[in-house]
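> What shape does this take:
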Amino acid sequence: MAVINCPGCQKKISDKAKKCTHCQLELAGLDADKLALLKKVSAVEKSQQLMNHSFIAMLLFCGGFLYLYWQNAQPGTWEYVGSITSAVVGFILYIVTRVRLLLVKRSRK
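Numbers count the residues shown, from 1 in each chain. Sure thing, here's the model as predicted:
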């Protein structure tokens, strides 16, 4: 008995299982077309998830940056430190997420 990844949810299951215990996918009736469709759907879901992370990172960056200038936070105050930290973390997360998104799109080809 070997352990394989489920084609639907990518979690570990037995190769003898007839149904995935995690996502309830019927493994008995899978053919090449269904596997290709599952792979395509999984890639789209991963891409959407990364786009959502990218949006959240951009909100974090913009929120910190705009708070810094709209509230005129003075250096040394907690508002200044918080807004700078938010902007820097948001920027770094945005760049990392966009690189991950690029790698996911490149791996689909």
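
> Every contact and neighbour count from this point should use C-alpha atoms.
Fine.

> Give me the buried positions along the helix or strand of the chain with the lowest mean pLDDT.
Ranked by mean pLDDT, DSSP states H and E, the weakest helix or strand in the chain is strand 3-5, scoring a mean of 83. Across strand 3-5, burial judged by 16 or more other Cα atoms under 10 Å covers no residue at all.

> tell me how far it is from the chain's mean position?
Here strand 3-5 is found 22 Å from its chain centre; the criterion is Cα atoms, centre = their mean, to the nearest Å.

> Run through who's touching it.
11, 12, 13, 14, 15 (Cα atoms under 8 Å, 6 or more residues apart in numbering).

> List the neighbouring strands of the next helix or strand after it plus their orientation.
Counting by DSSP states H and E, the next helix or strand C-terminal to strand 3-5 is strand 12-14. Each strand that pairs with strand 12-14, with its direction, by DSSP bridges: strand 3-5 (antiparallel).

> quick one: the helices in this protein?
In the chain, the helices defined using DSSP state H lie at 32-70, 78-107.

> what about the longest one, distance to the chain center?
It stands for helix 32-70. 6 Å.

> quick one, it and helix 78-107 angle?
160 degrees (axes from the mean of the first three to the mean of the last three Cα atoms, to 10 degrees).

> Now helix 32-70: buried residues?
By neighbour count on 16+ other Cα under 10 Å, the buried set for helix 32-70 is 38-39, 42-43, 47, 50-51, 53-54, 57-65, 67-68.

> Which elements pack onto that helix?
Judged by 3 or more Cα pairs under 8 Å, 6 or more residues apart in numbering; DSSP states H and E, helix 32-70 is in contact with helix 78-107.

> Relative to residue 20, which of the helices of the chain is closest?
helix 32-70 (13.8 Å; Cα to Cα).
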